[in-house]
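1. how does the following fold in three dimensions:
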Amino acid sequence: MDANNAVLVDIDRLPSLVLLRIISHSDPLVWRALGSRRLREIIDTTSFRCAWACQLANKAGIPERIAEAADIVSICDQVLQPIDELTGSGAWLSDGFAQALKAHRPRLFNALAPAMLWRSLLSENRSTAAIAAQAPTARPAALGGKVIRELLERQPSLLVLEWLEKGSVDFSELCYRDHCIDMALLTKWVLDNRTDLLEFLARHGVQLPVRSLLDYSLSASAPETVEFLMSHGTRHRDAPSWNDLLLMACTEVSTRVDVFEMIVRKTQPSIVWTFAASCLASQAMLDDRAYQKFSMMRGLPEAASWMIRSVRGRTPIQRLCDRLTYENLTYLSPFIRDYIDLGVSTADMPSIMAMLCQ
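-> Now for the predicted structure:
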């Protein structure tokens, strides 16, 4: 037996509590590398991780008050990350570890709670987050608006909103006074189709800026998101009607086809359909999906009789011919052909257009 193995055998004979204290005050990675099964078993215990977390926290110099998210990230980097590296993953940050800290090292629990909460919320570890949230240092009021805002940006989830709810947060103040949930964040949630988050806010008395959010949703959101905003908007005086939204959708060239179809189907056949069809045709050069929307609309029951109507004595074809140029000739001709098929008079139509549409 060489000298190193002899020393290792002597160390293995020490009581577990003594070994735990020795290893936690040094570099556990070195001890793990020795290959001793007993040392590995000690390093893998919750008791050791609590003891080493205490040493890491003492070296890190954790601030008494969290001022911004960077303070929490620093605690994660200096205290939690080394344990990740030792264990090979973040799975060690569990209910058992959090409960052990709370029961046996309450001061350390309070110091590390914001970081444990942060990590648990980001990984959607609901049960560990709930334990960490019991610390006074991890309550929304203690962390402040800057931390809440960055957490919502990094992890937009119901779990974060529920943590705020349990912390007795006034969501109206959070939106309008503290600006933690502002137009930029709401817009991102609309574009990501997070109706679950929007609905949560609505249930807690937040009046969403429906008209402004609809402007963004037409081109990027799913039909379900647009429908949610409209259902929420019925509670507000300045919210648009479905007819208003149809006019908005046909003038916005980037409106998604599926969104446009949903909006049309929410309306009744009327003069609004006449204007919508004409607007789609006039936007043909700018919107490469205009004809797809027009064709979808044409196929709806009773659509034809409204789409071919004259407005102020002028037929749809006459209105299109007013805009006719060599540049848009190719784009407008499919619409004019469809109007002719539907029975719109071709009177006063330029001869070149009549030839193209034959």
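
2. contacts, neighbours, all on C-alpha from now
-> Fine.

3. go ahead and flag the most central residue of the chain.
-> Centre of the chain computed as the mean C-alpha position; nearest residue by C-alpha atoms, centre = their mean is Trp189, 4.4 Å away.

4. which pLDDT value does the model give it?
-> pLDDT recorded at Trp189 is 96.

5. likewise for Phe200?
-> Note on Phe200: pLDDT of 95.

6. just the buried positions in the host helix or strand of Glu85, please.
-> Here Glu85, judged by DSSP states H and E, is contained in helix 81-87. For helix 81-87, a neighbour-count test (16 or more other C-alpha atoms under 10 Å) marks Pro82, Ile83, Leu86 as buried.

7. give me the neighbour count for Gln318.
-> Other residues near Gln318 come to 20 when the count uses other C-alpha atoms under 10 Å.

8. which ones are touching it?
-> Applying C-alpha atoms under 8 Å, 6 or more residues apart in numbering to Gln318 gives the contacts Thr346, Asp348, Met349.

9. as a markdown table, those with distance to Arg265, pLDDT and neighbour count would be great.
-> A markdown table is the format used below for these (distance: C-alpha to C-alpha, whole Å; pLDDT from 0 to 100; neighbours: other C-alpha atoms under 10 Å):
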| residue | distance to Arg265 | pLDDT | neighbour count |
| --- | --- | --- | --- |
| Thr346 | 29 | 76 | 16 |
| Asp348 | 34 | 71 | 10 |
| Met349 | 32 | 73 | 14 |
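
10. dump those residues to CSV, plus distance to Asp196.
-> As requested, these are exported to CSV (distance: C-alpha to C-alpha, whole Å):
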residue, distance to Asp196
Thr346, 51
Asp348, 54
Met349, 52
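
11. now those as TSV including distance to Leu39 and secondary structure?
-> Shown next, in TSV, are those (distance: C-alpha to C-alpha, whole Å; DSSP: H, G, I helix; E, B strand; the rest coil):
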residue	distance to Leu39	secondary structure
Thr346	92	coil
Asp348	95	coil
Met349	92	coil
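
12. give me the contacts around stretch 168-184.
-> The contact list for stretch 168-184 (C-alpha under 8 Å, 6+ apart) reads Pro140, Ala141, Gly145, Lys146, Ile148, Arg149, Leu201, His204, Gly205, Val206.

13. wait, Ser219 sits on Thr255?
-> Yes - look at Ser219 against Thr255 with C-alpha atoms under 8 Å: they come within range, at 4.2 Å.

14. these two: which is more packed in?
-> More crowded of Ser219 and Thr255, by other C-alpha under 10 Å: Thr255, with 23 against 18.

15. next, the more buried one: secondary structure please.
-> State at Thr255, reduced to three classes by DSSP: H, G, I helix; E, B strand; the rest coil: coil.

16. show the average pLDDT along the helix or strand hosting Ala276.
-> Taking DSSP H and E as the criterion, Ala276 maps to helix 271-282. For helix 271-282, the mean pLDDT works out to 92.

17. cool, stretch 103-116 as well?
-> pLDDT averaged over stretch 103-116 gives 96.

18. before we move on, back to that, now do the helix holding Ala276: distance to the chain's middle.
-> Helix 271-282 sits 34 Å away from the centroid of its parent chain (C-alpha atoms, centre = their mean, to the nearest Å).

19. kindly export the helix or strand hosting the residue nearest to the centre of the chain (C-alpha atoms) in PDB.
-> Per DSSP H and E, Trp189 falls inside helix 183-191. What follows is helix 183-191, C-alpha atoms only, in PDB (Å, rounded to 0.1, in the frame of the first residue of the first chain):
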ATOM      1  CA  MET A 183     -47.200  47.600 -23.000                       C
ATOM      2  CA  ALA A 184     -44.000  46.100 -24.200                       C
ATOM      3  CA  LEU A 185     -44.400  43.000 -22.000                       C
ATOM      4  CA  LEU A 186     -48.200  42.600 -22.900                       C
ATOM      5  CA  THR A 187     -47.400  42.900 -26.600                       C
ATOM      6  CA  LYS A 188     -44.800  40.100 -26.300                       C
ATOM      7  CA  TRP A 189     -47.400  37.900 -24.600                       C
ATOM      8  CA  VAL A 190     -49.900  38.700 -27.300                       C
ATOM      9  CA  LEU A 191     -47.300  37.800 -30.000                       C
END
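
20. got the buried residues for it?
-> So, applying 16+ other C-alpha under 10 Å, buried residues of helix 183-191: Leu185, Leu186, Thr187, Lys188, Trp189, Val190, Leu191.

21. next helix or strand past that helix?
-> Counting by DSSP H and E, what follows helix 183-191 is helix 195-203.

22. for the helix or strand following that next one, which outside residues touch it?
-> As assigned by DSSP H and E, the chain's next helix or strand after helix 195-203 is helix 210-220. Applying C-alpha under 8 Å, 6+ apart, the external contacts of helix 210-220 come out as 186-187, 190-191, 225-226, 229-230, 232-233, 238-240, 249, 252, 254-256, 259-260.

23. relative to helix 195-203, how tilted is the helix holding Trp189?
-> Angle, helix 183-191 to helix 195-203, by axes from the mean of the first three to the mean of the last three C-alpha atoms, to 10 degrees: 130 degrees.

24. now helix 183-191 against helix 210-220, angle please.
-> Compare the direction of helix 183-191 with that of helix 210-220 by the same axes, to 10 degrees and you get 50 degrees.

25. so what's the gap between helix 183-191 and the chain middle?
-> 8 Å.

26. over to stretch 312-327?
-> 44 Å.

27. ok, stretch 100-109 next?
-> 34 Å.

28. neighbours of Ala239, how many?
-> 20.

29. my read: it touches Leu245, true?
-> No - contact criterion C-alpha under 8 Å: Ala239 and Leu245 do not qualify, at 9.7 Å.
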